[in-house]
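S.K.: sequence first, predicted model second:
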Amino acid sequence: MTDHVTDMDQMTPRARREPGVEYKVYFSLIFLAALPFAAGGVALSAIGIKSERRSGGMIRRALAEASEITTMIFSR
């Protein structure tokens, strides 16, 4: 019978890789495309209309959106 017990002390976490040039280019383009939409969301929030679930300023919204979309693209 095989013993499938793993010693957790000897396991090392995966090394995190630095994002490559391609990732940075995609992120930058998506960020620039997300800025006008984030500005619209901030404007709608300023007049009292709930625009979306994200809070914060225009840059924070655009960064969050670009990060989410770019990660989805590169996760496949």
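M.R.: Ah, there it is.

S.K.: can you tell me the element the residue nearest to the spatial centre of the chain falls in?
M.R.: Nearest to the mean C-alpha position of the chain, by C-alpha atoms, centre = their mean, lies S67 at 2.6 Å. S67 is part of helix 58-74 when elements are defined by DSSP states H and E.

S.K.: for R17, same thing?
M.R.: Assigned by DSSP H and E, R17 falls outside every helix and strand.

S.K.: and it, how many neighbours?
M.R.: Around R17 there are 7 other residues, counting by other C-beta atoms under 10 Å. Where you see a C-beta, it was placed from the backbone N, CA and C, and this is true even at glycine.

S.K.: and it, how far from G40?
M.R.: 34 Å (C-beta to C-beta, to the nearest Å).

S.K.: same check on T71?
M.R.: For T71 relative to G40 (C-beta to C-beta), the value is 23 Å.

S.K.: equivalent analysis for G57, please.
M.R.: Using C-beta to C-beta, we find G57 at a distance of 13 Å from G40.

S.K.: can you list residues touching both of the two?
M.R.: Applying C-beta atoms under 8 Å, 6 or more residues apart in numbering, one finds that no residue jointly contacts G57 and G40.

S.K.: that older thread, so for T71 and G40, which sits in the more crowded spot?
M.R.: Shown here are T71 and G40; by other C-beta under 10 Å, G40 has more neighbours (14 against 11).

S.K.: secondary structure element for that one, which one?
M.R.: Counting by DSSP H and E, the element that carries G40 is helix 21-46.

S.K.: so what does that helix touch, helix or strand wise?
M.R.: helix 58-74 (3 or more C-beta pairs under 8 Å, 6 or more residues apart in numbering; DSSP states H and E).
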